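Participant: build the 3D model from these lines:
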Amino acid sequence: MLRELAQGVYVETGYEGGNVGLVVRERAALLIDTPMLPPEARRWQLALLQMGVTDLYGIVNTDYHPEHFLGNALFMPIRTFGHELSEKPLARYETSTLDQVAVAHRDRDPALAAEIMRIPVAPPEVQVEDRLTLYIGGPPIQVLHLDGHTPASLGVYLPEERVLFAGDNVTNHEHPALFQANSLAWLATLERIQAMNIEVIVPGDSEPCGKEAIEPLYGYIAEMRRRTQELFDRGASRRECVDKVGMLDWFPVPERRSAEIKRRRRASVERVYTEIRVASRKR
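Facilitator: Alright, predicted model coming up:
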């Protein structure tokens with residue numbers, strides 16, 4: 001569903017894996033992430049044409065995961081923005097990531113799976129380190145490094161409209177994915193977002209929200225760290241931590257996503273356990 005958040009600022013929800021954003025300015029428009037599946041990327045292209053959006057300045061990818069990035073190929077040639085640490089993970093796409101996405105569709109739609117395997121992957125043309133301000137007519141657009149969900153996560157902040165496209169650093173009362181996270185950096189990023197002048201936050205997936213989504217998410221990550229640290233200090237193994245940390249009752253788990261959320265929680269606990277174990281070795 002396409003929603004206008006402020007004048008010239010839009011979010012489209014409902015795509016598999018994530019939201020996409022659009023900021024229309026006087027001279028051109030900026031895309032934020034692209035749909036993962038080619039048919040959905042074509043649908044987004046058609047929606048843009050129907051809105052009269054034809055002059056695209058570029059695409060900002062909030063991280064290098066396929067649900068934010070794969071659709072770029074259908075918009076080429078176009079300027080792309082990503083964090084500088086995204087280049088190495090993207091180099092593994094052709095050998096592993098594309099196959100992982102394709103296999104999920106191979107049984108029910110072999111043609112789609114084959115198309116996914118042919119998607120060309122390229123690193124971002126403009127690599128952001130800390131922040132970048134874009135002036136494409138009208139109010140400025142800030143691209144910010146928001147470490148946490150991944151080391152290469154970016155946010156797109158519109159100070160005048162008080163809108164932040166936060167990527168997967170913010171979830172709207174849903175279980176976050178920490179499998180490639182720096183959990184301490186993520187907590188610091190949430191504190192940073194809490195202090196920003198923001199009215200609307202667009203998560204990487206699910207419906208837009210306000211700052212009310214930050215506190216329960218912060219509590220989830222902090223509590224997972226606390227429980228894992230306590231078990232680790234008592235000598236628990238990684239597997240024991242996965243079994244005993246819990247957390248599934250923190251946010252609702254829709255029945256249709258039960259298996260997915262359980263896998264996500266397991267990977268998150270394993271990641272936090274690894275962080276704590278590495279930190280203990282450095283002390």
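Participant: got a list of contacts for the one helix or strand residue 46 maps to?
Facilitator: Assigning secondary structure by DSSP states H and E places residue 46 in helix 38-50. Residues lying outside helix 38-50 but in contact with it, judged by CB atoms under 8 Å, 6 or more residues apart in numbering, are 2, 12, 15-16, 20, 22, 29, 34-35, 54, 56, 70-71, 73-75, 112, 115-116, 119. (Glycine included, C-beta is placed from N, CA and C.)
Participant: likewise for stretch 229-236?
Facilitator: By CB under 8 Å, 6+ apart, the residues outside stretch 229-236 that reach it are 240, 241, 244, 245, 273, 276, 277, 280.
Participant: buried set for it?
Facilitator: Under the neighbour-count criterion of 16 or more other CB atoms under 10 Å, stretch 229-236 has 229, 231, 232, 236 buried.
Participant: helix or strand right after the worst-scoring helix or strand of the chain on mean pLDDT?
Facilitator: Using mean pLDDT, DSSP states H and E, the weakest-scoring helix or strand in the chain turns out to be helix 87-90, at a mean of 90. Sequence-wise, the next helix or strand downstream of helix 87-90 (DSSP H and E) is helix 98-103.
Participant: and that following helix, what does it pack onto?
Facilitator: When contacts are defined as 3 or more CB pairs under 8 Å, 6 or more residues apart in numbering; DSSP states H and E, helix 98-103 sits against helix 66-69, helix 110-117.
Participant: next helix or strand past the shortest one?
Facilitator: Going back to what we said before, that points to helix 66-69. Of the helices and strands lying after helix 66-69 in sequence (DSSP H and E), the nearest is strand 80-83.
Participant: could you name the helices and strands sitting against that next one?
Facilitator: Using 3+ CB pairs under 8 Å, 6+ apart as the contact criterion, the secondary-structure elements in contact with strand 80-83 are strand 56-60, strand 126-128, strand 154-158.
Participant: list the strands paired with the second one, with their directions.
Facilitator: Sheet partners assigned to strand 126-128 using DSSP bridges are listed as strand 80-83 (parallel).
Participant: any idea of the mean pLDDT in the partner strand?
Facilitator: Predicted confidence along strand 80-83 averages 98 (mean pLDDT).
Participant: out of the helices and strands packed on helix 98-103, nearest to residue 180?
Facilitator: Among these, the nearest to residue 180 by CB to CB is helix 66-69 (12.8 Å).
Participant: so what secondary structure elements neighbour the closest one?
Facilitator: Helix 66-69 sits against helix 98-103, with contacts defined as 3+ CB pairs under 8 Å, 6+ apart.
Participant: and the contacts of the helix it packs on?
Facilitator: The list of residues contacting helix 98-103 from outside it, by CB under 8 Å, 6+ apart, reads 36, 66, 70, 113, 114, 116, 117, 119, 121.
Participant: still on that earlier bit, buried subset of the contacts of helix 38-50, written for PyMOL?
Facilitator: To isolate the buried subset of those in PyMOL, counting by 16+ other CB under 10 Å, use the following:
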select buried, resi 12+15+20+22+29+34+35+56+70+71+74+75+112+116+119
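Participant: ok, back up a step: what comes up buried for the helix holding residue 46?
Facilitator: 38, 40, 41, 44, 45, 48.
Participant: show me what residue 11 bridges to in the sheet.
Facilitator: Residue 11 forms beta bridges with residue 3, residue 21, as assigned by DSSP bridges.
Participant: ok so, going back, buried ones in the least confident helix or strand of the chain?
Facilitator: Along helix 87-90, these residues count as buried under the neighbour rule (16+ other CB under 10 Å): 89, 90.
Participant: and that helix, C-alpha only, in CSV?
Facilitator: Included here for helix 87-90 are C-alpha records, laid out as CSV according to Å, rounded to 0.1, in the frame of the first residue of the first chain:
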residue,chain,number,x,y,z
GLU,A,87,31.1,-4.1,-0.6
LYS,A,88,32.5,-7.3,0.9
PRO,A,89,29.1,-8.9,1.7
LEU,A,90,27.8,-8.0,-1.7
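Participant: how about the strands in the stretch 101-250 of the chain?
Facilitator: Under the criterion DSSP state E, counting those that start in this stretch, the stretch 101-250 of the chain carries strands at the ranges 126-128, 131-134, 141-145, 154-158, 163-167, 200-203.
Participant: turn those into CSV, including mean pLDDT and distance to residue 186.
Facilitator: What follows is those, written out as CSV (pLDDT from 0 to 100; distance: least, CB to CB, whole Å):
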stretch, mean pLDDT, distance to residue 186
strand 126-128, 97, 18
strand 131-134, 98, 18
strand 141-145, 98, 13
strand 154-158, 98, 13
strand 163-167, 98, 11
strand 200-203, 98, 14
